[in-house]
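[1] here is my input, please return the structure:
(2 chains)
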Amino acid sequence: MDTQNSSFDEHKVLHDLKHYLPAQAPLKDFIHHNTLHAFQQMKFHDAARKAAKIFGYQTKLQLEEYRALYHSGRIREDVLKRIVSERKGADRADEWIDKLLNQKYNTSISARIGQLRANWKTAYRIDLDLLIQPFLFRILCNYLDQGISVWGFPIGDRDFLSAMRDLEKESAISLFKKTRARELLLSDDCSISKLLNILVGDESLYEHYLYDQQFAHQGWSGIVAVAEDQPQFFLNRKDITLHDLIKFELLLEIDTLDAQFGEIWSPLAGKLMNRPEPLFSDVPETELDEAIILWHEAFEWSYYNQVLAAIQLQEKPQENITDDKSFQAMFCLDDRECSFRRHIEGIDSKCETFGTPGFFGVQFFFQPEHGKFYTKLCPAPNTPKHLIKETETHHPRKSEPLLSKLSHALFHGWLITQTLGFLSVLKLAFSVFRPTAAPAMASSFAHMYQLSSLTIENKNPDDKENGLQIGFTIEEMATNLENLLKGIGLIDHFAPIVYVFGHGASSINNPHYAAYDCGACSGRPGSVNARVICHIANHAEVRKILRPRGINIPSGTQFVGGLHDTTRDEVSYFDEDALSPENLTRHRKNVSVINKALDLNAKERSRRLLSINTKDKAEKIHEEVRKRSVSLFEPRPELNHATNAICVVGRRQLTKRIFLDRRAFMNSFNYRVDPDGKYLLMVMRPVGPVLGGINLEYFFSRMDNYRMGAGTKLPYNIMGLIGVANGSDGDLRPGLPSQMIEVHDPVRLLVIVEHFPDVVLKSINQEAATYEFYINEWVRIVAVHPETREIFLFRDGKFVPFKPLPQPIDIISDTIPIIESAIEAPTTHIVDATKENLPVYLIK
Amino acid sequence: MTFLLAPLLKYLIIIPFVGFAASLFIPARMERFIAWTSLATVGFHLICAWLFIAFWLFPGDFPTYQTTEFSLYESPDYQFFISFYFDKVTTVFLFIGSFLILLVTVYSSYYLHRDNGYKRFFNALLLFYLGYNIVIFSGNFETLFIGWEVLGICSFLLIGFYRDRFLPVKNALKVFTVFRIADMGLLFCIWLSHHLWHENITFIKLTNSEVVQAQIHSHMTISIVISLMILLAAAVKSAQLPFTSWMPRAMEGPTPSSAIFYGSLSVHLGVFLLLRAYPFWEHLTPIVILVAVIGLATSIVATLISRVQSSIKTQIAYSSTAQIGIIFIEVAIGLHDLALFHLAGNAFLRTYQILVSPSVVSYLIREQFYNFIPRLPNDKNRALRKLKYSVYLLSTKEFYLDSFIYFILWNPMKWLGRKLDGIGENTAFNFIAISTFIGVTCIYAKGSIPQSIYYLFPTFFAFVGLLMVIRSFTERRNAQFSWVLMVVYHFWITLAVSFYEESNFIEMAIYLGGVLLSGIIGFAALDRLKTLEGKIDWNDFQGHIYEHPDLALIFFLSCLGLMAFPITPSFLGVDLVFTYIHTEQIDFAIILAISYILLGLSVIRMYSRIFLGPHAKTYHEVPNRSS
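    I've put the predicted structure just below:
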């Protein structure tokens, strides 16, 4: 036997294993990411095929579903023909199309994962998982708990294994049933290899065994891996590693086998009938795989084609460069702001809107008044160096006595049940029949109080706290603002008022609340960032520095920060009292425009919310929408990023007259301001990881909501404030719940950049981590020639000319009738669900 | 007032029944219609119930009503009738129940929107409410038992609501197992009561303290056993020691169903049973003490366990149980008004807490964000530390309560089953054929058999029946064989009973009619499945309901029939059979009771394994086993 090959490299195996586990942070920091991030160095379709075979994930729709989509017309015949001809050759197209439509395939998936450990059941007739997992999860959850249990883990300040050792040593009750595992734990000499030798006995199988074991509860293993690598996510710090978890689980396994068979059982390797297929050995592509790829490409391009055709079909509009602007407004590039901007522009044709990542170029930690921790307000991968503090809130926080832990104590419980118990039923009756805001809810407006003060300006660079500089210096301010304004192409023609709207969401009974807030602010509302950037832009010194750099903000122009609550469709404004009298008059007028747009936006959103009649008056619908956000019984306060499909990087004029439903991320960018792509590089940096991450998380949660998503949220049980499980003793469920993805159309993100192809190429291939998304086609990208509107598709490392298939696009003058008459899907089956999606229209 | 109100009692049962029946016929896609029907039912019921309560309260003397609605069966020495009852206890339970069910129905009508099981959920909810009303209005143990059985099945359906996942199905089975013990307790109680009173005793008669005392004095043992059985049933339902551990495991269904079942209505029915039977057991001091001790022990143990829970629903479950422990004490020492008040508060509070439980993430994290104080180890004293760690670990292990149930219930059966494993299909059928022949011969030749031997025959044949159930319980290969054994079991019980003088053909026909029908239908369903699938593998969960929901429903109904659930006359038959057994034939009764538990388990487990759980076919998304 070749010992070199079979030797078990513990460090490497654990390192790789961690990479494959779900990388989801605790609930309070929900950060979207590519579910299959471990496969990202492969081409998308290869990765999908391998992940399916190795881990048993359903990475694409079922064959029959694609066929049904074809028959329903969602997959277009001409698109399918084009895809098949391109990939299989025109002469074999008919043969392949016949296969796609009629060939019978065995579509069952038999995963490699779990095959080795399955032998415990077949050869030993023992269900190890069933015997071990409930206790293992309990101990883990108790150890990691962030604040549910009344009696915290007694040795929670030590690392996991030491804590277990202490507990075992000191307690009269053992963790184990027999003595061997106890002695192994207490002895210093118990490496993973040693334990595996007892259990498995064949070094070449160790790796497979550990994968099997950890993927039997990938949720818990994933959170442990996160706690190991990013302990800052846990307010109550925990020192645990995957290594500790594996060791403890191996000990429990040995103990369980000892209890069942005495200490005389033989290791697993001895009883293997046949060796399991190696996990990561090659996964050959089958004809079915090829067929699924063709189907899926056709499914995506049936949508992409409409968008690209519309871009080419529309008339060339005039650029909005008049100085007679009512106001300008900056939003997050979030797909939920897409329709809001359209409505504002529809009501007030003299205004202008922009999109940019919702942290508005200012990155910092934020500390609310009386807060014991800092909150990061910038994209998740970045680490800010600044700190902004909130003061003078004058706002007491409300508490909820009914959620008090005292009710779990024996005597207090006796008192509380007989007093507050009766109050609770009244409260319940009210919240069922007349939902109103409650202290238990997560409200975007409570993130920072409207009338508080912020420490934004730094006068002395030595003013530091825990290594963070408090506030920005004038020079830093100027640089941040310059990057922001040049990035979105707003350097002249300023309106008297420029609004900057962060966004957040409000909901109750929603463990995934953080996923509803701004992704560019690490899953928090963007209110502080909006307010900070406005303070910067209003700063006379800053404006003075920027004038020579080509940005001349007139003295009459004022920036006003605001927060758009995407669930309630409400807006609040900050520092309104700083407005000049003239601007205050203008502001009042603008507010009424914005309020009207909010009503219409609520109306547009309501077409997917079945409990609301979309034909009602906008104001009435808006009231209903607001009610949803405070309703205990509403699992869908809003639909978040569902149906997101494209990202437009370019001037508003490129898509202003195209109805994109609410499916587009929109990042403003003007190629004229940035001819050589210096700012484009910055703009494109978050597109792959952040927007691609959002899109792919929705994609895979939709494809396999059981294994890559979190299943239905209706039975959720909150575990240790860090995750959700379905019941009392299940695995953690990372990913998105079915209520968030059921209407999602699983297409990869199509990025449309308005610039010359060579400049675009330069902006995406600078950093390997970003480039991976494009070159491996996890995200599709096209460049639109800014002058001719020719389209170039990125394929195999270069942009090649691309002509969308000719397709008639209907022209509408008003979106409201379209919205009112849209179909409501009878079920959430993919064929029904996609019917809800409106086609692309040209707006007159 | 009595003559005006008492006849109206039955309508408070009929309303949920009509609503439930109507809800069965609405197509699953018509969410709004389903919700509307359910709301109309519980809303109308609430109005009627509260009006009823108001009229009852008005005169100020709080009378007790007892009605006899109709007889299901009458013979010279046995009468099975449906009876309703209304008093203060009923009032409180009716008030809590009608209010909470309305809130939960409104809540769920939105919450479950677009769930595949929307219709199933409301069917089960209405059926539950029907069962609840039957229990709280029941005027005798027989009526109560009907409601009790309905509640057990509803629990199974709602815990296993997400039937394509492993854990809900597993836990539903687990809870059903424990509940089956409670049902058996009630059945025993009915049997012994029959012998004690020589009639179908109504609750109003139990309030006649002189008569009760006289009976207790002359039949001390029976009285104690009856009380123990009542306590057993109550302790199981209210998750008292040693059965507490089922309660957190029941939190698998949609949150509102967990709230109404395990937060409020269902778990407090144990207390109801205790209160209802209080006039009987209050005269038995040892029982009174036992109730208080169980309550006290539960409240302490459950509080400890609840303190170490790091998941929100299990924490609420255990602290609720602890309060019910105190309520047991209150009942035992006679503070009934306090107990009623306390249980209402507990039901309300826990329902609310479970319904808002998903909010704790944002709420507690905010609390922590502003108030966090890092824990510092401060256990200097070694002995104290030892005690603390031990209690912590013991509480985390739930005082071994879960493994205890496993240990006393499953292990003996598995052991016995393994002993019988060798008996193959042919052996079994030959044995059945031969012994049937012997049995029938014996009945006809009873004159020539000595009385002392003849007397042993019923027990012997019942025992053979039990062996069949056990054999069927452990069968893993041939589903139809297992099914047939269970049908045959019922024949053996009739055979055993036929040795009694009093047995008559009609009663046997009542017993066998429903069983036989269910047996045939169930067998046909299995046969059909076998044809469709090639084979029925049921070593592990198969999830065939994904492809064959109709077949699953038919089979489920035949399972209910076979286990004598009150949908066929066999339900009555089981009670009848029990009446033959004399009190001194405790062995026969125990055999019957064990087979009763086992048969239910065996049947429901067979249904679960074949039709529920993760689907064995993987052409679509299938959940992980750990979810």
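[2] so where's the chain uncertain?
    Using chain A. Along chain A, the parts satisfying pLDDT under 70 run over A:1-6, A:317-322.
[3] let's do chain B instead
    Residue ranges of chain B with pLDDT under 70: B:1-3, B:376-379, B:446-447.
[4] longest helix in it, by number of residues?
    helix B:166-197 (DSSP state H).
[5] other SSEs contacting it?
    The contact analysis (3 or more CB pairs under 8 Å, 6 or more residues apart in numbering or on different chains; DSSP states H and E) places helix B:166-197 against helix B:141-159, helix B:220-237, helix B:246-249, helix B:570-580, helix B:586-611. C-beta here means a position set from N, CA and C on the backbone, and glycine is covered the same way.
[6] quick check: which of these is nearest to chain A?
    Chain A lies closest to helix B:246-249 among the helices and strands packed on helix B:166-197, at 4.4 Å (CB to the nearest CB).
[7] one step back: distance from the chain centre to the helix or strand just after the longest helix of chain B, please.
    Later in the chain than helix B:166-197, the nearest helix or strand by DSSP states H and E is helix B:203-206. Relative to its parent chain, helix B:203-206 has a centroid offset of 24 Å by CA atoms, centre = their mean, to the nearest Å.
[8] tell me the residue of chain A that sits nearest chain B?
    Counting by CB to the nearest CB, chain A gets nearest chain B through A:Gly421, at 3.0 Å.
[9] count the residues that sit near the closest residue to A:Pro554 other than its chain neighbours.
    Spatially, and ignoring its direct neighbours in sequence, A:Pro554 is nearest to A:Phe494 (5.8 Å; CB to CB, 6 or more residues apart in numbering or on different chains). Look at A:Phe494: counted by other CB atoms under 10 Å in any protein chain shown, it has 22 neighbours.
[10] next: A:Tyr449.
    For A:Tyr449, the neighbour count with other CB under 10 Å is 17.
[11] would you check that it makes contact with A:Pro396?
    No - contact criterion CB atoms under 8 Å: A:Tyr449 and A:Pro396 do not qualify, at 10.6 Å.
[12] overlap in contacts of the two?
    Common neighbours of A:Tyr449 and A:Pro396, using CB atoms under 8 Å, 6 or more residues apart in numbering or on different chains, do not exist here.
[13] need the contact list for A:Gly56.
    A:109-111, A:113-114, A:707, B:618.
[14] for A:Ala645, phi and psi?
    For A:Ala645, the backbone dihedrals (degrees, to the nearest 10) come out as phi -150, psi -30.
[15] for A:Val747, see how far away it is.
    5 Å (CB to CB, to the nearest Å).
[16] need the overlap of contacts for those two.
    Counting by CB under 8 Å, 6+ apart, the shared contacts of A:Ala645 and A:Val747 are A:Tyr303.
[17] domain assignment for the chain?
    Using chain A here. Chain A breaks down by automatic domain parsing into domains covering A:113-271, A:325-395+A:431-635, A:405-430.
[18] you looked at the wrong chain, it should be chain B
    Per the record, chain B has its domains at B:2-358, B:421-611, by automatic domain parsing.
[19] A:Phe633: which of those domains is closest?
    Nearest to A:Phe633 among the domains of chain B is domain B:2-358 (4.3 Å), distances taken as CB to CB.
[20] centre of the chain to that closest one, how far?
    From the chain centre to the centre of domain B:2-358 is a distance of 10 Å (CA atoms, centre = their mean).
[21] now do stretch A:510-521
    Averaged C-alpha coordinates place stretch A:510-521 at 8 Å from its chain's average position (CA atoms, centre = their mean).
[22] what parts of the stretch 401-550 of chain A come near chain B?
    A:402-403, A:407-410, A:413-414, A:416-422, A:424-425, A:427-429, A:432-433, A:439-442, A:508-511, A:513 (CB under 8 Å from any CB of the partner chain).
[23] which of these are buried?
    A:402-403, A:407-410, A:413-414, A:416-418, A:420-421, A:424-425, A:427-429, A:432, A:439-442, A:508-511, A:513 (16 or more other CB atoms under 10 Å in any protein chain shown).
[24] follow-up on the earlier one: tabulate the domains of chain B (a markdown table), appending mean neighbour count.
    As requested, the domains of chain B are exported to a markdown table (neighbours: other CB atoms under 10 Å in any protein chain shown):
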| stretch | mean neighbour count |
| --- | --- |
| domain B:2-358 | 21 |
| domain B:421-611 | 19 |
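[25] got a markdown table for these, with distance to A:Leu257 too?
    A markdown table is the format used below for the domains of chain B (distance: least, CB to CB, whole Å):
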| stretch | distance to A:Leu257 |
| --- | --- |
| domain B:2-358 | 21 |
| domain B:421-611 | 20 |
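[26] ok, residue 305 - contacts?
    Just going to use chain A. For A:Asn305, the contact set (CB under 8 Å, 6+ apart) comprises A:76, A:79, A:804-805, A:807.
[27] actually chain B
    Contacts of B:Ile305 (CB under 8 Å, 6+ apart): B:244, B:318, B:395, B:398-399.
[28] picking that back up, relative to B:Phe611, which of the domains of chain A is closest?
    That would be domain A:113-271 among the domains of chain A, by CB to CB, at 20.1 Å.
[29] switch the helices and strands packed on helix B:166-197 over to CSV; also include distance to chain A.
    Putting the helices and strands packed on helix B:166-197 into CSV (distance: least, CB to the nearest CB, whole Å) gives the following:
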stretch, distance to chain A
helix B:141-159, 9
helix B:220-237, 18
helix B:246-249, 4
helix B:570-580, 32
helix B:586-611, 14
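[30] would you write a PyMOL line that selects the buried entries of the contacts of A:Gly56?
    Buried members of those, defined by 16+ other CB under 10 Å, are picked up in PyMOL with:
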select buried, chain A and resi 109+111+113+114+707
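[31] just to revisit the earlier point, can you list which of the buried ones among the residues of the stretch 401-550 of chain A next to chain B are found in strands?
    Taking DSSP state E, every one of these sits outside strands.
[32] so B:Asp537: helix, strand or coil?
    coil (DSSP: H, G, I helix; E, B strand; the rest coil).
[33] can you pull the contacts of the residue lying closest to A:Ala409 once chain neighbours are set aside?
    Computed as CB to CB, 6+ apart, the closest residue to A:Ala409 that is not its neighbour in sequence is B:Thr303, at 6.9 Å. B:Thr303 sits next to A:408-410, A:413, B:318-319, B:322 when contact means CB under 8 Å, 6+ apart.
[34] then A:Leu294?
    Applying CB under 8 Å, 6+ apart to A:Leu294 gives the contacts A:80, A:83-84, A:87-88, A:96, A:100.
[35] repeat that for B:Ser23.
    Taking CB under 8 Å, 6+ apart, one finds B:34, B:37-38, B:41, B:119, B:122-123, B:126 in contact with B:Ser23.
[36] tell me how far it lies from chain A.
    Distance of B:Ser23 to chain A, computed by CB to the nearest CB, to the nearest Å: 19 Å.
[37] roughly how far apart are that residue and B:Ile15?
    Distance, B:Ser23 to B:Ile15, by CB to CB: 13 Å.
[38] assign A:Gly270 to helix, strand or coil.
    Following three-state DSSP, we place A:Gly270 in the helix state.
[39] so it sits against A:Val200, correct?
    No - in this structure, A:Gly270 is not within contact of A:Val200 by CB under 8 Å, at 9.6 Å.
[40] surely the residue of chain A closest to chain B and B:Leu349 touch.
    Yes - contact status for A:Gly421 versus B:Leu349: in contact at 3.7 Å, counting by CB under 8 Å.
[41] can you pull the contacts of the closest residue to A:Leu251 other than its chain neighbours?
    The shortest distance from A:Leu251 to any non-neighbouring residue, by CB to CB, 6+ apart, is to A:Ala181 (4.5 Å). Contacts of A:Ala181 were listed using CB under 8 Å, 6+ apart, and they are A:251-252, A:254-255, A:258.
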